[in-house]
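[1] Here's my sequence, what's the structure:
(chains A, B, C, D and E)
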Amino acid sequence: MDLASLIGILSGISLIIGAIFLGGDFNSFINVPGLMIVIGGTIATTLLTFQFKDVTAAFKAAYFVFSKGKEDPNRIIKTMIQLCHISRRQGILELSKIKTKTKFLKKACGLIADGSDEDMIRAALRTEIESLKMRHFIVQDVFRKMGTYAPSFGMLGTLIGLVQMLSRLQEPSSIGPAMATALLTTFYGSLLSTLFFLPIAGKLKSRTIMEVIELEIMLEGAISVLENNNPLLVYEKLSSFIPERLRKPMSEMEGK
Amino acid sequence: MDLASLIGILSGISLIIGAIFLGGDFNSFINVPGLMIVIGGTIATTLLTFQFKDVTAAFKAAYFVFSKGKEDPNRIIKTMIQLCHISRRQGILELSKIKTKTKFLKKACGLIADGSDEDMIRAALRTEIESLKMRHFIVQDVFRKMGTYAPSFGMLGTLIGLVQMLSRLQEPSSIGPAMATALLTTFYGSLLSTLFFLPIAGKLKSRTIMEVIELEIMLEGAISVLENNNPLLVYEKLSSFIPERLRKPMSEMEGK
Amino acid sequence: MDLASLIGILSGISLIIGAIFLGGDFNSFINVPGLMIVIGGTIATTLLTFQFKDVTAAFKAAYFVFSKGKEDPNRIIKTMIQLCHISRRQGILELSKIKTKTKFLKKACGLIADGSDEDMIRAALRTEIESLKMRHFIVQDVFRKMGTYAPSFGMLGTLIGLVQMLSRLQEPSSIGPAMATALLTTFYGSLLSTLFFLPIAGKLKSRTIMEVIELEIMLEGAISVLENNNPLLVYEKLSSFIPERLRKPMSEMEGK
Amino acid sequence: MDLASLIGILSGISLIIGAIFLGGDFNSFINVPGLMIVIGGTIATTLLTFQFKDVTAAFKAAYFVFSKGKEDPNRIIKTMIQLCHISRRQGILELSKIKTKTKFLKKACGLIADGSDEDMIRAALRTEIESLKMRHFIVQDVFRKMGTYAPSFGMLGTLIGLVQMLSRLQEPSSIGPAMATALLTTFYGSLLSTLFFLPIAGKLKSRTIMEVIELEIMLEGAISVLENNNPLLVYEKLSSFIPERLRKPMSEMEGK
Amino acid sequence: MDLASLIGILSGISLIIGAIFLGGDFNSFINVPGLMIVIGGTIATTLLTFQFKDVTAAFKAAYFVFSKGKEDPNRIIKTMIQLCHISRRQGILELSKIKTKTKFLKKACGLIADGSDEDMIRAALRTEIESLKMRHFIVQDVFRKMGTYAPSFGMLGTLIGLVQMLSRLQEPSSIGPAMATALLTTFYGSLLSTLFFLPIAGKLKSRTIMEVIELEIMLEGAISVLENNNPLLVYEKLSSFIPERLRKPMSEMEGK
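    Numbering: from 1, shown residues only, chains lettered A, B, ... in the order given. Next up is the predicted model:
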């Protein structure tokens, strides 16, 4: 699992729980109907806002983001340079036999081997990238919207509690605890939004940015292979996508 | 009807009603003048903001979004590949005889059969897509604006209630119930916005995204038919619009 | 006058006034210094924010939006098809004699009759459209900014009232009415913003969208006339701008 | 000085001061430490946010915006038509001798006289316009950020006052005045933001829009001069930038 | 160190501390658990939102922004003109021997010396600039998100304090100090956001703008060198990136 995320989420939860325990009674922070309004309401409106498949895709994506390791873009450049060597030495037909788990690269190789022209390849791969960006945007949007719905339901819960408290004000001693309970849903809503939904949406966004860069490298690399560029030029072109201090020199790219 | 939406809206309403009943008296949450200010005010300003025909279009669209099933983009790709076969075997004139409920596809076929060139076809169909996007944007905007007007009128109602309560403070015992009533409009406004208007605007947006993808597939497919591309290439091009795990293989596209 | 707007504004005002009367005393909602701060302050900052001519243009535009009827885009398509017939039968020079109130169309005809090339015509007309969009954007912006300044001055008025009330707390009985008065400016600011400024900005925006579509139809139509397209093709091209269910068939376009 | 701005700022200040005097004691609205937190804090964070030279440029720009008169775009069109005549009658070399205070126009004439081609001229002048837009954007941003920092420091001041008041609650009679003082910083922050910073940012923005239009007219005019267009065509092209009702006829453009 | 930033941050802190001391007791503003919730929570959610390397990059960038001096764009233009002279006098191969700390310029020279064509150079350098902009955007985003997380955790802390206070209201004398403590986290959150995170994000943004301009000058300069433009033309082209009043004349560009 992604270590920073693990540390982040555990320390965030500990801080909140610690602050509650420091002030004394933990029970006064648990209110089951309040939790139901905030969590249930957020899920209900999320189902109403998105397609069902988008919501499940979002939760799957959230799981993968925290578990899956990320690839080094230098490795992708290395792969593209190897493809370039194969194509120059053995011909472009050889590219159709490449074995790779990345379907995008597989498709790129297939299109080159089929003899498609640059415009056609660029259009098909660009469509792939744009479709991926849009699907990922929707997935991020699920969590971003949950991050706005949760505080809204928190406020609705607090309003319900306040109206109930105010409409029977005969027992003055009960005002304090009643207001405390009413405020709890606001607390739940803000907590869920700040500690879970918004950071997850952010993490998904930064993952998308990285994934798109990888695909862009493959796209430009595929075009270079098609144009039969020499490997050094391919390296110069593709390494522009990587920040200087992370770039590996050309010499490391040639080895197996 | 769209099951997720049904579940979403029913569970959302149940949660709120349940929370109110749990706290006791349901009557203290009903205030007819307050409901009139929030609902009436929202409708009034919506009529003022948009053209009348946009408002009715928005309500129609909201109805359809929850009732109409959605098409599988794989079927559209299949149709485009069939059109490609027809055009290659029987000539482009045959395309004018195609029977389809989709007017966009009908228009595309008509333009090809008339012998229009690629630029002309692309321009006409692109205009169709852009017009549809803009009309759908306005329809979403109706609900998005209602989602901001409703809480505003909720706050206006609460301000009216507060001013009335404060300007005659002689009966201290009435403060509680009066404030409860004043807060009710804020509750109504937030509830309408969070549980109905904003989710409906969101659902309309995700429907638009799906519909535009379908039209983009038809547009690119029509251009492929015009360019007399072979069916495999058409498949490669159009399948880029669909996420990998939902893509059907070429073999399934050829059957009847 | 635009009926929906009239209904909207009258019912909005009635609802608010009704709610005030229901609660009893209307006088407690009138506070002349408060009204002056909110209205005067909003006008003052608006003058400070925009050029004087933009502010007057905005008020003129607001008047026209509610009074002027809107044109049917089908009629514009019909006109463009007629121009197409004239140009094909009588020569492009005949276009310079066209009588029309629309200066944009007049300019388009003049440029064609002068023998300008497509790039020149497209550039000049595109500049016209972009200039119009920008001027309209500023006009909408005047009302949008008024919609944010009004609540700000409402809050400033309330703050002034609160500070005055709090700095002499010796008379506890006066707290209620004093707070009521302080809250009034917040009420005025929100009311003006929600019921007038923001809806007017919205209406101006939807009018601009419609007007731009009309100009786009004229621009594309003029290019078609220049390219000597046949009327059916012109119809196919231009009808893409209109939603399917509002489109009139080609047969209705040919008559006088 | 720009009259509308003068009226705007004077009436805005008068309204606020009037409202304060109406409620009685002016002294209760003066709090030197509060003013220092809001004004000092806003300046401090502005220095932290921007380059020092951007802050000074912003204040200079604010001064000029309220003092400098604005040019009539019709005069610029007239100038461009004169340049067109000069170039056609006396040759493009004559353009290098043009005397003008506008450095942009000077540069355009110089580039034409040097025999640069259209792409080169367009690129150099476009870069000038984009650089100017970006510098002006930063200048507006200085005031826009001040407009958000001022209320933030207002709130910080109020929080400090509230914490101080609440932590020694033994003297109940002092609560009112203490809260009044605490609220003052919120008042200062909102006032500065609403009455000065945001309107100034708005005015700078509308000035930029006007200035960019002037430069666009010069750019398109220079290209027309280079292409040796006849003056009438130049007029048709450039007048598109001006709203119809402000356009002067061609006849007025030819005179001295 | 950047003097304006130093003055800004020191005066900002002094103003806040001064205001606290003026009101008396400094201790009532220190609350270690509150500080832990706000600072700890902000760091935790930031780690959850971003990749770990982005967070460290952000803190490094923040350090450099306040320490590193900035380059004068006039010097870069001078360098480009010198490269132009070298290339014209000694041939483009000489460019590969240029010694410079700027890797971007090094890469540009290398590509020219390798005989790459304009499209290739433009694409590679444009990718470098876009990658840099995106990385810098993420770095700014880290501070911008911290600027929204800090007040959220401030509010969460205050809610925890309020719920704890309200659920045991038996000791009325403790209400004041308890509320003061509860408000402290809101104060911490706003202070961190307003005085540190948001201004740092702003400063990083203005640094990025300046850095991108420098790279744009190098890119356009490199293309000019490739096209063998004469030095005066290069000067005219590149000086468009600098505001008029900061531009140095051509004469100063030629010297050593």
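[2] mind listing the strands in the stretch 151-256 of chain A by residue range?
    Assigned by DSSP state E, counting those that start in this stretch, the stretch 151-256 of chain A shows no strands.
[3] residue contacts, A:Phe196?
    Contact analysis of A:Phe196 by Cβ atoms under 8 Å, 6 or more residues apart in numbering or on different chains lists A:Ile9. C-beta: built from backbone N, CA, C; applies to glycine.
[4] how far is the host helix or strand of A:Phe64 from where the chain is centred?
    Following DSSP states H and E, one finds A:Phe64 within helix A:52-67. In terms of Cα atoms, centre = their mean, to the nearest Å, the gap separating the centre of helix A:52-67 from the centre of its chain is 9 Å.
[5] right, is the helix or strand just after that helix up against chain E?
    Once the chain leaves helix A:52-67, the next helix or strand it forms, by DSSP H and E, is helix A:73-90. No. Judged by Cβ under 8 Å from any Cβ of the partner chain, helix A:73-90 stays clear of chain E, getting no closer than 10.4 Å.
[6] A:Lys205 touches A:Gln140, doesn't it?
    Yes. Using Cβ atoms under 8 Å as the test, A:Lys205 is close enough to A:Gln140 to be in contact (5.3 Å).
[7] thinking again about what came up before, could you list the buried residues of the helix holding A:Phe64?
    Neighbour-count burial for helix A:52-67 flags A:Asp54, A:Val55, A:Ala57, A:Ala58, A:Ala61, A:Ala62, A:Val65 (criterion: 16 or more other Cβ atoms under 10 Å in any protein chain shown).
[8] Export these as CSV, with columns for pLDDT and distance to A:Leu156.
    Formatted as CSV, the buried residues of helix A:52-67 follow (pLDDT from 0 to 100; distance: Cβ to Cβ, whole Å):
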residue, pLDDT, distance to A:Leu156
A:Asp54, 88, 24
A:Val55, 91, 21
A:Ala57, 90, 28
A:Ala58, 91, 23
A:Ala61, 87, 28
A:Ala62, 85, 25
A:Val65, 75, 30
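[9] okay, the residues you listed in CSV with distance to chain E next?
    Listed next are the buried residues of helix A:52-67 as CSV, based on distance: Cβ to the nearest Cβ, whole Å:
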residue, distance to chain E
A:Asp54, 21
A:Val55, 21
A:Ala57, 20
A:Ala58, 16
A:Ala61, 15
A:Ala62, 11
A:Val65, 10
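[10] what's the burial count for A:Leu191?
    23 (other Cβ atoms under 10 Å in any protein chain shown).
[11] wait, what's in contact with the residue lying closest to it once chain neighbours are set aside?
    Excluding the flanking residues, the one nearest A:Leu191 by Cβ to Cβ, 6 or more residues apart in numbering or on different chains is E:Leu156, at 6.1 Å. By Cβ under 8 Å, 6+ apart, the contact list for E:Leu156 reads A:Ile16, A:Phe187, A:Ser190, A:Leu191, A:Thr194, E:Ile37, E:Gly41, E:Thr185.
[12] show me what contacts the closest residue to the second one other than its chain neighbours?
    By the measure of Cβ to Cβ, 6+ apart, the closest residue to A:Phe187 outside its immediate chain neighbours is E:Leu159, 4.4 Å from it. Contact partners of E:Leu159, counting by Cβ under 8 Å, 6+ apart, are A:Leu183, A:Thr186, A:Phe187, A:Ser190.
[13] ok, of the residues you listed, which come out buried?
    A:Leu183, A:Thr186, A:Phe187, A:Ser190.
[14] can I assume the first one is in contact with E:Ile160?
    No. The pair A:Leu183 / E:Ile160 is not scored as a contact, 9.7 Å apart, by Cβ under 8 Å.
[15] So in chain A, which helix runs the longest?
    helix A:118-167 (DSSP state H).
[16] Any idea how many residues pack against A:Ile39?
    16.
[17] Pull the contacting residues for it.
    A:Tyr188, A:Leu192.
[18] Quick check: it vs E:Ile30, distance?
    36 Å (Cβ to Cβ, to the nearest Å).
[19] what's the answer for A:Asn229, then?
    63 Å.
[20] repeat for A:Ser5
    32 Å.
[21] neighbour count winner among these two?
    More neighbours surround A:Ser5 than the other of A:Ser5 and E:Ile30, with 21 against 11 (other Cβ under 10 Å).
[22] Contacts only, for the more buried one.
    By Cβ under 8 Å, 6+ apart, the neighbours of A:Ser5 are A:Val65, A:Phe66, A:Lys203, E:Leu47, E:Leu48.
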